[in-house]
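In: pasting the sequence and the predicted model now:
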Amino acid sequence: MGDNRIITLLTDFGWGDGYIGAMKGVILTINPRCLIIDVAHEISPHDVIRAAMVLGHTYHYFPQRTIHVAVVDPGVGGQRKPLVLETEHYLFVGPDNGVFDLVLKREKGIRAYELAEKRFFLPQVSHTFHGRDVFAPAAAHLSLGTSPGEMGPTVNHDDLITLNIPIPSMEAETLQGEVIYIDHFGNLITNISQEVLREFTVDEMVAIEIGGEMIKGLKSSYTDAAEGEIIALWGSGGFLEISLKERNLHRERGWMKGERVRIRRWR
Amino acid sequence: MGDNRIITLLTDFGWGDGYIGAMKGVILTINPRCLIIDVAHEISPHDVIRAAMVLGHTYHYFPQRTIHVAVVDPGVGGQRKPLVLETEHYLFVGPDNGVFDLVLKREKGIRAYELAEKRFFLPQVSHTFHGRDVFAPAAAHLSLGTSPGEMGPTVNHDDLITLNIPIPSMEAETLQGEVIYIDHFGNLITNISQEVLREFTVDEMVAIEIGGEMIKGLKSSYTDAAEGEIIALWGSGGFLEISLKERNLHRERGWMKGERVRIRRWR
Amino acid sequence: MGDNRIITLLTDFGWGDGYIGAMKGVILTINPRCLIIDVAHEISPHDVIRAAMVLGHTYHYFPQRTIHVAVVDPGVGGQRKPLVLETEHYLFVGPDNGVFDLVLKREKGIRAYELAEKRFFLPQVSHTFHGRDVFAPAAAHLSLGTSPGEMGPTVNHDDLITLNIPIPSMEAETLQGEVIYIDHFGNLITNISQEVLREFTVDEMVAIEIGGEMIKGLKSSYTDAAEGEIIALWGSGGFLEISLKERNLHRERGWMKGERVRIRRWR
């Protein structure tokens, strides 16, 4: 059994459509001994930023040499390149559309190749489903030991697509960020990382304004909140999260992706 | 390790209800060495046509001898027969209610048996959950090498239930089909296959009318569309699909299953 | 290969958030040879009663020595203890918040331990995601053969949290229960078990009142119903279920969790 036995799947496909199943069938036909792991599906359709963040928060928990396949691919059939990335610890397969943004920022020793060698694809490649026809078979061949460099020409690191994840703006008195996604619980995840807040202020004595509400200070866990209290805390991915204890804040207040979050020092 | 190691699951069960989990437990208790693959779940409840199409678009991507279990079973506990089908390449387990319609049309060398031998069921069989009590244990026994013919009497091929999937009507000037399901992205999948369109016209110079909108010609991929343009293209299952670039057409226009699609030659 | 090879996951995490994936990565990094099985996800958020019932209806279908991980954990980061339970047949890992209620009532030879030994956790434990940082690594170590007793101090059985699942009230003429959850099909599952009904009456000649409707007698399967008829029958978990043939009763009538169900003898 080789090193690259685990193939993970992250997609915006719905469970009811069978696209996830077709990818698994293609992989198992090429390598019946690999282990396919469902990491995330039903990501909001075409939401490359969210996919990039979910991938960024999960890939490094897997064993070395895991092959991560990410298929959130609104540009399928168009100009965007199909990629394989080789890093110090992992392999990644998916479209060159920014879905690997966090990977590119964190991993070392990255080599990128365009998936161009048709012998690693399905015999017929559709214009609408490269997850099945290109990415799944490429991942399966990698799990059998094919070297990424055999799959196509090198892509220059500087030519790889990165994302315009909104960056918080920092002024003397205010740090302004925004909600970048909403999770299944209705918690609002912002683009304000612990590193960014530390640059702005030495402690966590801050007032956080969102949608006309003022939140004073951060909690250390959801259970520190009173019933019905809106709180801010560090989410498991290291970003500031706004939450309503055991309730769905997004649904109750209608706050969406893009909602502004302003932070001031508080004394 | 035997040949029939892979068991796939396709159901209309919700992930939150535990029915999927119960089936897996039953299978692993009988054969802890088999590989269970989630192909599709949360198919719209009781939608046998959709299940048949999802199965039809996925099963043939799996390795030979895969055992496909399909449980979309509104008639559970009633008269419909529990089946095992053996084809040239695969085994199928599920209710005789049309869910195997596309399989029956495409596979060769089909032999069908009624699941009747109670020794291959759970000791207690409920009237509401044959997925757990009948189909899962039968599949697990097949994966251990039990021959389908041991499980019950032969069913005549002509007696197997097929579906009334709406067939497009072709007249001199018009080919009329309809939307048969809507995927997770809100794309509308019609019953018009490439074969049917080729019968109607030699090229793809067609005008497609749906809900008062006129679409001229087919695109080859989603990325060929302008922002906000409604397009038609061949979906990954080989059927005509109506789509709105990176948006949810179903939700924005309210077009549903059954919506008519009229095609005329266009010059 | 050890005995404890199977690890099941039951969570209220959404498929699109990556939390499920992160747990799997942690487990596979510690034990790449274990078999991870998705039993249930997207359970209604924070609904510990529903999680307890789904777990109670599924765990016993799995092979002996299966390790069941249940993460529906609204109190994460607070006072509730992280637990490992060892029973005659299984191991369970999750929070001490009632999610193991049915397990505690049914399993024998239960020994409970608080997960306290930090060497079995991830090096950094967040306040918001013990599924990834505490429960996943503990389960993986159990699958490698670590004894539950090594993981922390014994917890007295009487100190374990149980649930206030509403208990039906029985009077001379009336048995009153309620809807405790609604499944993916829109069927209403009540808290009235076969045992409770048998205590109330010797046969199933009962009239069941819900939301102003009167249902006479029980059906043995969904297919016994006429089109549009509201029926009562025994669900696959052994509880009385109210259902509308091939339709979503919950959505059509608006009946919710907590809706009262009154049963009278009927002649």
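Out: Cool, the structure landed.
In: beta partners of A:Pro95?
Out: A:Pro82 (DSSP bridges).
In: tell me the contacts of it?
Out: A:70-73, A:75-76, A:80-83, A:130, A:135 (C-beta atoms under 8 Å, 6 or more residues apart in numbering or on different chains). Any C-beta I mention is one placed from the backbone N, CA and C, and that applies to glycine too.
In: can you pick out the most distant pair from the residues you listed?
Out: Largest separation among these by C-beta to C-beta: A:Val72 and A:Lys81, giving 15.1 Å.
In: those two: who's more crowded?
Out: A:Val72 (28 against 19; other C-beta atoms under 10 Å in any protein chain shown).
In: make sure that one is actually in contact with A:Ile43.
Out: Yes - using C-beta atoms under 8 Å, A:Val72 is in contact with A:Ile43, at 5.8 Å.
In: need the overlap of contacts for those two.
Out: Both A:Val72 and A:Ile43 are contacted by A:10-12, A:50-51, under the criterion C-beta under 8 Å, 6+ apart.
In: strands - which of these land there?
Out: In strands, defined here by DSSP state E, the members of the shared contacts of A:Val72 and A:Ile43 are A:10-11.
In: for the shared contacts of A:Val72 and A:Ile43, which one is nearest A:Arg260?
Out: Nearest to A:Arg260 among those, with distances taken as C-beta to C-beta, is A:Arg50, at 18.5 Å.
In: that closest one contacts A:Val179, doesn't it?
Out: No - with contact defined as C-beta under 8 Å, A:Arg50 does not count as touching A:Val179 (11.5 Å).
In: just the strands in the stretch 101-250 of chain A please.
Out: Per DSSP state E, counting those that start in this stretch, the stretch 101-250 of chain A carries strands over the ranges A:111-114, A:154-155, A:169-170, A:174-182, A:188-193, A:206-210, A:213-216, A:230-234, A:239-244.
In: for the ones you listed, give me JSON lines that also has mean neighbour count and mean pLDDT.
Out: Output for these, formatted as JSON lines (neighbours: other C-beta atoms under 10 Å in any protein chain shown; pLDDT from 0 to 100):
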{"stretch": "strand A:111-114", "mean neighbour count": "18", "mean pLDDT": "98"}
{"stretch": "strand A:154-155", "mean neighbour count": "14", "mean pLDDT": "98"}
{"stretch": "strand A:169-170", "mean neighbour count": "12", "mean pLDDT": "94"}
{"stretch": "strand A:174-182", "mean neighbour count": "20", "mean pLDDT": "95"}
{"stretch": "strand A:188-193", "mean neighbour count": "22", "mean pLDDT": "95"}
{"stretch": "strand A:206-210", "mean neighbour count": "19", "mean pLDDT": "96"}
{"stretch": "strand A:213-216", "mean neighbour count": "14", "mean pLDDT": "94"}
{"stretch": "strand A:230-234", "mean neighbour count": "22", "mean pLDDT": "95"}
{"stretch": "strand A:239-244", "mean neighbour count": "24", "mean pLDDT": "95"}
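In: host element of A:Trp20?
Out: Let me fix one detail, which is that residue A:20 is Ile and not Trp. Secondary structure assignment for A:Ile20, by DSSP states H and E: helix A:19-30.
In: which residue is the nearest non-sequential neighbour of A:Thr154?
Out: Residue nearest to A:Thr154 in three dimensions, not counting chain neighbours: A:Tyr113, with 5.9 Å by C-beta to C-beta, 6 or more residues apart in numbering or on different chains.
In: contact partners for the one you found?
Out: So A:Tyr113 contacts A:83-86, A:148-149, A:151-155 (C-beta under 8 Å, 6+ apart).
In: can you do 10 Å?
Out: A:Tyr113 makes contact with A:81-86, A:138, A:147-155 under the criterion C-beta atoms under 10 Å, 6 or more residues apart in numbering or on different chains.
In: helices and strands around the next helix-or-strand element following the helix holding A:Ile20, which ones?
Out: Beyond helix A:19-30 on the C-terminal side, the first helix or strand identified by DSSP H and E is strand A:35-40. With contacts defined as 3 or more C-beta pairs under 10 Å, 6 or more residues apart in numbering or on different chains; DSSP states H and E, strand A:35-40 has these neighbours: strand A:6-11, helix A:19-30, helix A:48-58, strand A:67-71, helix A:136-143, strand B:35-40, helix C:19-30, strand C:35-40.
In: could you check the angle strand A:35-40 makes with helix A:48-58?
Out: With axes from the mean of the first three to the mean of the last three C-alpha atoms, to 10 degrees applied, the angle from strand A:35-40 to helix A:48-58 works out at 120 degrees.
In: and strand A:35-40, what's its mean pLDDT?
Out: Strand A:35-40 shows an average pLDDT of 98 in the prediction.
In: can I get it as CSV, trimmed to CA atoms?
Out: Provided in CSV are the C-alpha atoms of strand A:35-40 (Å, rounded to 0.1, in the frame of the first residue of the first chain):
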residue,chain,number,x,y,z
LEU,A,35,-9.7,5.6,1.0
ILE,A,36,-12.2,8.3,0.0
ILE,A,37,-13.1,10.8,2.7
ASP,A,38,-16.0,13.2,2.5
VAL,A,39,-14.6,16.5,3.9
ALA,A,40,-17.3,19.0,2.9
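In: parallel or antiparallel, which strands does that strand pair with?
Out: strand A:6-11 (parallel).
In: columns distance to A:Glu107 and mean neighbour count on top of the helices and strands packed on strand A:35-40, output as a markdown table?
Out: Compiled in a markdown table, the helices and strands packed on strand A:35-40 are given as follows (distance: least, C-beta to C-beta, whole Å; neighbours: other C-beta atoms under 10 Å in any protein chain shown):
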| stretch | distance to A:Glu107 | mean neighbour count |
| --- | --- | --- |
| strand A:6-11 | 15 | 25 |
| helix A:19-30 | 23 | 25 |
| helix A:48-58 | 10 | 25 |
| strand A:67-71 | 11 | 27 |
| helix A:136-143 | 16 | 27 |
| strand B:35-40 | 29 | 23 |
| helix C:19-30 | 15 | 25 |
| strand C:35-40 | 25 | 23 |
